[in-house]
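In: Could you look at this predicted model? Sequence included:
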Amino acid sequence: MLTNPRLNRGTAFTQEQRRELDLVGLVPAQVLTLEQQAERAYQQYRAQPSDLAKHVYLSALHDRNEVLFYRLIGDHLAEMLPIVYTPTVGTAVERYIFEYRRPRGIYLSADAPDDIETSLRASGLGSDDVDLIVATDGEAILRIGDWGVGGIDIAVGKLAVYTSTECRAAASDSPRPASVPNSTSSRSHRHLRQLAQTVC
């Protein structure tokens with residue numbers, strides 16, 4: 001429960017929920033509301049020394065607690081959109097190999113077009129669970145060039161923007177970022193579009 005960012009509520013779990021879910025002793029004893037958690041997270045965000053550090057902080061929060069992540073962004077949308085997406089995501093893409101924490105998204109390979117369906121289904125989501133797929137080939141990103149798999153941060157950032165502007169304070173299980181190499185054949189692109197229509 002605590003390792004699943006879609007389900008984790010951290011200290012917002014009530015005492016009753018902690019007992020039911022066997023979380024007693026695994027989180028600090030004090031129960032905090034989502035509002036209190038968001039205020040504490042905002043203070044931690046503001047303490048970060050640079051825009052990149054703020055981006056990394058938000059990414060780590062996203063990896064830990066999606067409800068809190070979207071609540072925080074929803075509460076400070078104008079301030080945080082340039083951190084979650086442009087211009088800061090360009091620096092995050094350039095630093096991807098140095099700041100890599102957790103895989104987020106689906107990685108498709110031009111060398112394995114037959115694995116596209118398997119890759120899309122590996123998320124564990126069915127066709128009723130996905131509303132949107134944002135795909136990137138990792139090329140010509142924000143005028144900084146080809147960044148390969150690091151370009152996944154563009155798709156993750158766009159989904160964070162879409163979700164936070166549409167849902168404001170609610171986590172969404174449905175969007176999935178995907179990285180599609182530019183060298184993927186037109187056959188693979190057609191196959192991906194067909195699969196996206198069936199998976200979505």
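Out: Alright, I've got the coordinates.

In: wait, Leu72 sits on Tyr45?
Out: Yes. With contacts defined as C-beta atoms under 8 Å, Leu72 counts as touching Tyr45 at a distance of 7.0 Å. Just so you know, the C-beta spots here come from the backbone N, C-alpha and C atoms, and that holds for glycine as well.

In: now for the lengthiest helix in the chain, which elements pack on it?
Out: The longest helix of the chain (DSSP state H) is helix 152-167. Contact here means 3 or more C-beta pairs under 8 Å, 6 or more residues apart in numbering; DSSP states H and E; on that basis helix 152-167 packs against helix 66-75, helix 77-84, helix 88-94, strand 133-136, strand 176-179.

In: can you pull the buried residues of the second one?
Out: Neighbour counts over helix 77-84 (16 or more other C-beta atoms under 10 Å) mark Met80, Leu81, Ile83, Val84 as buried.

In: Include pLDDT and distance to Pro49 when you put the residues you listed into CSV, please.
Out: Supplementary listing: the buried residues of helix 77-84 in CSV, determined by pLDDT from 0 to 100; distance: C-beta to C-beta, whole Å:
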residue, pLDDT, distance to Pro49
Met80, 90, 16
Leu81, 86, 20
Ile83, 88, 13
Val84, 84, 18
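
In: Which one's more surrounded, Leu72 and Tyr45?
Out: Neighbours per residue, other C-beta atoms under 10 Å: of Leu72 and Tyr45, the larger number sits with Leu72, 26 against 20.

In: what sits against the more buried one?
Out: Ala38, Ala41, Tyr42, Tyr45, Leu58, Leu61, Met80 (C-beta atoms under 8 Å, 6 or more residues apart in numbering).

In: so the first one makes contact with Leu68?
Out: Yes. In this structure, Ala38 sits in contact with Leu68. The criterion is C-beta under 8 Å, and the distance is 6.4 Å.

In: and the closest residue to Pro82 other than its chain neighbours, how many neighbours?
Out: Closest residue to Pro82 apart from its sequence neighbours, by C-beta to C-beta, 6 or more residues apart in numbering: Thr88 at 6.1 Å. For Thr88, the tally of surrounding residues (other C-beta under 10 Å) stands at 23.

In: Now the residue nearest to Ala12 when sequence neighbours are not counted. Its backbone dihedrals?
Out: In space, not counting the residues next to it along the chain, Ala12 is nearest to Leu34; the distance is 5.4 Å by C-beta to C-beta, 6+ apart. In this entry, Leu34 is assigned phi and psi values of phi -60, psi -40 (degrees, to the nearest 10).

In: Thanks a lot, see you next time.
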